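[1] sequence first, then the predicted structure, then my questions.
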Amino acid sequence: MEKKKILIIHTGGTIGMVRTANGFAPKAGAIIEELQQIRDLNSPYMPEWDIIEFDPLLDSTNVRYEQWNSIADAIALYYDKYDGFVVLHGTDTLAYSASALSFMLEGLDKPVVFTGAQIPLCELRSDGRDNLITSMMIAADGVIREVSLCFGDAILRGNRAIKYSADGMVAFTSPNYNMLADAGISIEYNHACINDYVKSTLHSDSLNAVRLKKSRIAVIKVFPGIQFEIFEPIMCETLDGLVLETFGKGNIPDYDPALSRIISEASRCGTIVVVCTQCPAGTVSLGAYEAGSALVRSGAVSGGNMTTEAAITKLTYLLSKDLPKDEIRRLMQTDLRGELTK
C-alpha cells in the first residue's frame with residue numbers, strides 16, 4: 001500500500017524554539033535538526049513527510065492576517081501534492097489561526113492539523129514530540145478532512161477550540177463541542193461530530209484559499225460599571241466590525257442607555273456588531289432577558305455559541321469577501337464550517 005504524504009508547515013512558536021540569552025526564541029533550521037533525531041518519524045507506520053519553514057519564523061503573538069494568508073497560500077500551492085498538512089504554530093494564537101484557516105480554505109477536503117508545544121522539542125519533557133506524531137497520523141488517516149487542532153490527547157475542531165491553560169500540558173479545550181477524536185492508546189474518532197461538519201459544509205472539486213484583507217475589528221468585554229460612552233468615537237466612526245462579549249446569554253447592563261444608542265448608530269454606519277458570551281460554555285440568546293433586548297433593537301446579531309476567536313476570524317473572512325453588510329449579518333448567524341450550533 002502506498003504511503004500517504006504529509007507536508008509540515010513550520011510557522012514558528014515554542015515547538016521549534018531554542019534557548020538564547022533572552023529566553024526561548026525561534027531559530028531557522030533548528031526544528032529540522034530536531035525532527036531528524038526523532039526515530040519514530042522514520043517508522044514504517046508513519047507517513048512520508050516533507051517540511052517547509054517560514055521566513056521569518058514568528059512568536060505567535062506577532063501573527064496577523066498576513067501570516068494566515070501565507071499559511072493558506074502554502075496549503076493551496078501544495079494541495080494536490082500531499083494527502084494532508086500539519087501546521088506547527090505557537091500556542092498563544094493557535095486557536096485564532098485554526099479558526100481563520102477553517103473559513104479561508106473553501107472547499108477543503110483534506111486534513112489540516114494545527115499543533116504546537118508548551119515545551120520546545122530541544123528540551124527535556126517536551127510535549128512537542130507526541131503532539132507532532134499524533135498530528136501526522138491524524139493527517140495521514142484522512143478521516144478528519146477539515147481544519148483541526150491537536151494537542152495532548154485531544155483533537156478538536158479548529159474553530160471550536162480555545163486556549164485553556166498558559167502552562168498546563170492540557171492547553172486547549174472545546175467548551176461547546178465534543179472532541180473530534182481522542183488519542184489514547186489508540187485514536188478513537190467521534191464520527192458523529194465529524195459527519196456533522198460534512199453535512200454543514202459545502203465541498204467543491206477544488207480548493208479556494210480566500211485571502212484576508214485588513215479589517216478594523218474591535219472586541220469589547222462588558223464588565224460591571226463599564227462606561228460605554230468611552231468607546232463611542234471608535235464604534236461610530238472607524239470600525240468595520242465589533243465583537244461584544246456580554247454577560248450570560250447576551251445581557252448588558254441597562255443603567256446607561258448609551259450602549260443601545262451607540263450600537264444603533266454604529267449599525268447605521270455599517271459596523272457589524274456580533275454578540276458573544278463571556279462564558280466559556282453556553283450560547284447567546286438575544287432577547288431571552290430584558291437586559292439583552294436592547295441589543296436586538298439596536299441591530300446587533302447573535303454569535304450563538306461561537307468562541308470569540310471564531311467570531312473575530314469569521315467576521316474578518318466575510319469582510320474580506322466584500323459582501324453586502326446585510327449578507328454578512330446573515331452569514332454571521334449561519335453555520336459555515338461547524339463553528340456554530342444550529
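    In hand now; what should we look at?
[2] double-check Leu149 against Ser97; I have them as touching.
    No: using C-beta atoms under 8 Å, Leu149 is not in contact with Ser97, being 9.2 Å away. In this view, the C-beta of every residue, glycine as well, is placed from N, C-alpha and C.
[3] tell me, how many residues neighbour the residue nearest to Ser60 when sequence neighbours are not counted?
    Closest residue to Ser60 apart from its sequence neighbours, by C-beta to C-beta, 6 or more residues apart in numbering: Gly90 at 2.6 Å. Number of residues near Gly90 (other C-beta atoms under 10 Å) recorded here: 24.
[4] likewise Thr283?
    Residues near Thr283, counting by other C-beta under 10 Å: 18.
[5] what do you get for the one 3 residues further on?
    Neighbours of Leu286 under the rule other C-beta under 10 Å: 21.
[6] ok, now which ones touch it?
    By C-beta atoms under 8 Å, 6 or more residues apart in numbering, the contact list for Leu286 reads 249-250, 275, 292-293, 295-296, 300, 302.
[7] adding distance to Gly23, write the residues you listed out as TSV.
    Formatted as TSV, those follow (distance: C-beta to C-beta, whole Å):
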residue	distance to Gly23
Lys249	42
Gly250	41
Val275	39
Gly292	44
Ser293	49
Leu295	43
Val296	48
Ala300	42
Ser302	42
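[8] quick one on the thing from earlier: the residue nearest to Ser60 is in what secondary structure piece?
    Gly90 is part of no helix or strand, with elements assigned from DSSP states H and E.
[9] secondary structure class for Ile9?
    strand (DSSP: H, G, I helix; E, B strand; the rest coil).
[10] based on its surroundings, how many neighbours for the nearest residue to it once chain neighbours are set aside?
    Among residues not flanking Ile9 along the chain, Val87 sits closest, at 4.8 Å (C-beta to C-beta, 6+ apart). By other C-beta under 10 Å, 27 other residues sit near Val87.
[11] export stretch 303-319 as PDB, just CAs?
    Extracted C-alpha coordinates of stretch 303-319, given in PDB (Å, rounded to 0.1, in the frame of the first residue of the first chain):
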ATOM      1  CA  GLY A 303     -22.900  34.900  17.800                       C
ATOM      2  CA  GLY A 304     -24.700  31.900  19.200                       C
ATOM      3  CA  ASN A 305     -22.200  29.600  20.800                       C
ATOM      4  CA  MET A 306     -19.200  30.700  18.700                       C
ATOM      5  CA  THR A 307     -15.900  31.300  20.500                       C
ATOM      6  CA  THR A 308     -14.600  34.800  20.400                       C
ATOM      7  CA  GLU A 309     -11.700  33.500  18.300                       C
ATOM      8  CA  ALA A 310     -14.200  32.100  15.800                       C
ATOM      9  CA  ALA A 311     -16.300  35.300  15.700                       C
ATOM     10  CA  ILE A 312     -13.300  37.500  15.100                       C
ATOM     11  CA  THR A 313     -11.900  35.400  12.300                       C
ATOM     12  CA  LYS A 314     -15.200  34.600  10.700                       C
ATOM     13  CA  LEU A 315     -16.000  38.300  10.600                       C
ATOM     14  CA  THR A 316     -12.600  39.100   9.100                       C
ATOM     15  CA  TYR A 317     -13.200  36.400   6.400                       C
ATOM     16  CA  LEU A 318     -16.700  37.700   5.500                       C
ATOM     17  CA  LEU A 319     -15.500  41.300   5.400                       C
END
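[12] who does the longest strand along the chain touch, helix- and strand-wise?
    In the chain, with assignment by DSSP state E, the single longest strand is strand 48-58. For strand 48-58, the elements it packs on are strand 5-12, strand 25-26, helix 30-36, helix 65-78, judged by 3 or more C-beta pairs under 8 Å, 6 or more residues apart in numbering; DSSP states H and E.
[13] where exactly do the strands run in the stretch 51-200 of the chain?
    With strands called from DSSP state E, counting those that start in this stretch, the stretch 51-200 of the chain shows them at 84-88, 105-106, 112-115, 147-151, 154-157, 162-163, 172-173, 181-183, 187-189.
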